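# When you get a sec, could you give me coordinates for this:
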Amino acid sequence: KVTEPLQDEVIKMGVETVEAMKWLSAGLLDDSVDVIYSDGTTETTLFTGTFNDESFSEVSYVSGANLRDWTPARTLNPSGNARIKVVGGLPQTVGIYTGISPRFTLQGVRISQPTTGSQYDIGWTRTINWLNAGFTPAARAKFYLSTDGGSTYGPSMFATDTALNLQTKSWPIPLGTRPT
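Residues are numbered from 1 along each chain as shown. As a prediction, this is how the structure comes out:
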């Protein structure tokens, strides 16, 4: 049984949350589980074969909590319908155990377009798309361009900030943009 994250809890992308994940297990014959993140559409394995601290082979023992700290990677999709799934067990003996957490919010923003390696022509207009979750409808965003792999950023790419919930913005690439 996955007991945390709690229902409607907000966990921030890129920020360590101590004991973010908790689950109970008893009677499993193996000592490892897989921990998976779901944004409601896509599943991403976070830990493969992570140690199942309180896995007991004797049913008479009461299992304690398995705890994992978690710093959600900024490459995950933020979601207001996020869940953690824990999968363990041995198919040939006791079968597969699956526990799913209550729904929580993974708060953050992830740029979905352009992707790494995209090539854009100076003077053309392209679209920037992003995913976001866990912000108020009035939240606003500013965009900054790095032409050196993220070491430095120039001034804001647009004269005004953008409503975060729009999730898309046209970008006319100025003629003076430094190519990389």
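# Given the longest strand seen in the chain, what are its sheet partners and their directions?
The single longest strand within the chain, with elements called by DSSP state E, is strand 79-90. With DSSP bridges as the test, strand 79-90 is paired with strand 32-38 (antiparallel), strand 95-100 (antiparallel), strand 104-113 (antiparallel).
# which of the residues in the shortest one are buried?
By neighbour count with 16 or more other C-beta atoms under 10 Å, strand 95-100 contains the buried residues 97, 99. (C-beta placed from N, C-alpha, C; glycine too.)
# For that strand, what is the distance to the chain centroid?
Average the C-alpha atoms of strand 95-100, do the same for its chain, and the two points are 22 Å apart (C-alpha atoms, centre = their mean, to the nearest Å).
# so what's the residue nearest the centre of the chain up against?
Central residue of the chain (C-alpha atoms, centre = their mean): Leu76, 3.3 Å from the mean position. When contacts are counted by C-beta atoms under 8 Å, 6 or more residues apart in numbering, Leu76 touches 13, 37, 39, 44, 106, 108, 110.
# Mean pLDDT for the strands paired with strand 79-90 - can I get that in CSV?
Output for the strands paired with strand 79-90, formatted as CSV (pLDDT from 0 to 100):
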stretch, mean pLDDT
strand 32-38, 90
strand 95-100, 81
strand 104-113, 95
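# With distance to Pro155 as extra columns, can I get the ones you listed in CSV?
Shown next, in CSV, are the strands paired with strand 79-90 (distance: least, C-beta to C-beta, whole Å):
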stretch, distance to Pro155
strand 32-38, 35
strand 95-100, 45
strand 104-113, 18
